[in-house]
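In: Sharing a model prediction with you, sequence too.
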Amino acid sequence: MLPAVGWLILLTLLLPTAACGNDGNKEAKHDGKPTIAVTYGPLAYLLREVAGERCDVTVTLPPGANPESYDPTMAELRRLGDCAAYFQMNTPGFEESMASRFKALARSDSARVADVSAGIERIEGTHADDSHGDPHIWNSVRNARTIAANMARELSAIDPAGASYYKPRLDSLTASLDALDAEIASTLKASGNRAFAIQHPSLSYFARDYGLEQIPIESDGKEPSPAQMAERLAYAIGHHPSVMFFEREHNPEQAAELARQIGVPLVELRLNSEDWPQQMRKTAAAIAGRKNP
Ligand SMILES: [Zn+2]
């Protein structure tokens, strides 16, 4: 995060360049389609499904980057300034800072920041920085239904002529989300497994949807002390998880050692990727103890 003075300098540097349009993003501007920015891959997946050919989608967080520490490049900020809208979920940290940068950099007078998480009940007390509730809202097929409906509404406001195009696309996405939800529920029910261990608590909403216990190893979003680690490990062993999950932006070596000590398989998830339905399916299959989802 830059200090305030750094921001002023950055804005001064960026604005004249952006006004010349010399930013390598000409196609997106000249095909007449609005470009919508989102932060997370799963939101990009949902948005592409609803927006189809009528909008371009840009993702502000590169794959594998940690939103809790990532700082965008100048080129990424310039691309953000070209977008017609920024669809976000009011999560603190990266999204919050990108939303305020978007407001400062947007070149269109009608540019808007939309909250596509409206109507979702937030979980509290599961994540370190959860002044706005647990931020990992997209790791839930049920929340995704609400997000998609909010996206369709926002797209229709930006592009009223496309409303009759977005509606059937939303209906077909909703049907596929319902089917995915039912599939996951049945996979988990058949297995009887009810708990999983995970390095960072990214799956609170998934756990809530299916009545599972998430056992995170991190405490308060920080590397645990050796004493805290021993305590978390003892807790995990006593609660019989069927699997240990990790994501590559956290600490894979530590995850491997923890899985060994708990005595469960280690499975990598890419929960910020656009391959979202497959990640949800893989999560359920791994908890259920199936090798190939
Ligand atoms: Zn987190």
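Out: Right, received. Where do you want to start?

In: And the contacts of stretch 244-251?
Out: For stretch 244-251, the external contacting residues (CB atoms under 8 Å, 6 or more residues apart in numbering) are 64-66, 196-200, 202-203, 218, 223, 252, 255-256, 258-259, 262, 264-272, 283, 286. Where you see a C-beta, it was placed from the backbone N, CA and C, and this is true even at glycine.

In: List only those of the residues you listed flagged as buried.
Out: Among the contacts of stretch 244-251, those buried by neighbour count (16 or more other CB atoms under 10 Å) are 196-200, 202-203, 218, 255, 258-259, 262, 264, 266-267, 269-272, 283, 286.

In: could you pull out the strands for this structure?
Out: Taking DSSP state E as the criterion, the chain carries its strands at 35-38, 56-59, 85-88, 112-115, 195-198, 213-216, 244-246, 266-268.

In: okay, those in CSV with mean pLDDT and distance to A148 next?
Out: What follows is those, written out as CSV (pLDDT from 0 to 100; distance: least, CB to CB, whole Å):
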stretch, mean pLDDT, distance to A148
strand 35-38, 96, 12
strand 56-59, 95, 13
strand 85-88, 97, 11
strand 112-115, 96, 13
strand 195-198, 98, 25
strand 213-216, 96, 24
strand 244-246, 96, 25
strand 266-268, 97, 26
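
In: how about the residue nearest to K103 when sequence neighbours are not counted, what does it touch?
Out: Nearest non-adjacent residue to K103, counting by CB to CB, 6 or more residues apart in numbering: V113, 6.4 Å away. Neighbouring residues of V113 by CB under 8 Å, 6+ apart: A85, Y86, Q88, A99, F102, K103.

In: at 7 Å what do you get?
Out: Counting by CB atoms under 7 Å, 6 or more residues apart in numbering, V113 makes contact with Y86, Q88, A99, F102, K103.

In: Is the second one in contact with F94, as I believe?
Out: So that's Q88. No: with contact defined as CB atoms under 7 Å, Q88 does not reach F94; the gap is 9.6 Å.

In: Quickly list what's touching both of the two.
Out: With CB under 7 Å, 6+ apart as the test, Q88 and F94 both reach T39.

In: Flag every buried residue along stretch 120-137.
Out: I120, R122, I123, T126, H127, D130, H132, G133, D134, P135, H136, I137.

In: was I right about the fourth one contacting L203?
Out: What it means is T126. No: shown here, T126 and L203 do not form a contact pair, counting by CB under 7 Å, at 9.5 Å.

In: mind giving me the domain split of this structure?
Out: Annotated domains of the chain cover 7-179, 192-288 [automatic domain parsing].

In: What sits closest to L47 if chain neighbours are left out?
Out: V57 (5.1 Å).

In: where exactly do the helices run in the stretch 101-250 of the chain?
Out: Listed in chain order, the helices of the stretch 101-250 of the chain (DSSP state H, counting those that start in this stretch) span 141-158, 163-191, 204-210, 226-238.

In: what's the straight distance from one end of stretch 155-163 to the other?
Out: One end of stretch 155-163 sits 8 Å from the other (CA to CA, to the nearest Å).

In: ugh, wrong one, I meant stretch 66-80
Out: Stretch 66-80 has an end-to-end distance of 19 Å (CA to CA).

In: Any buried residues in it, and which?
Out: Applying 16+ other CB under 10 Å to stretch 66-80 flags P67, Y70, P72, E76, L77, R78, R79, L80 as buried.

In: Show the average pLDDT along that stretch.
Out: Average pLDDT, stretch 66-80: 88.

In: cool, and stretch 272-289?
Out: 97.

In: Show me what counts as buried in it.
Out: 272-274, 276-277, 279-288.

In: Identify the residues contacting it?
Out: 40-42, 44-45, 61, 63, 141, 180, 184, 187-188, 190-191, 193, 196, 203, 206, 212, 242-243, 267, 269-271, 293.

In: Name only those of these that count as buried.
Out: 40-42, 44-45, 61, 141, 180, 184, 187-188, 193, 196, 203, 206, 212, 242-243, 267, 269-271, 293.

In: Tell me which two in the buried residues of stretch 66-80 are the farthest apart.
Out: Across the buried residues of stretch 66-80, no pair lies farther apart than P67 and R78, at 20.0 Å, counting by CB to CB.

In: Now do the contacts for the residue nearest in space to the middle of the chain.
Out: Geometric centre of the chain, nearest residue: Y40, 4.1 Å, by CA atoms, centre = their mean. Neighbouring residues of Y40 by CB under 7 Å, 6+ apart: L61, W138, N272.
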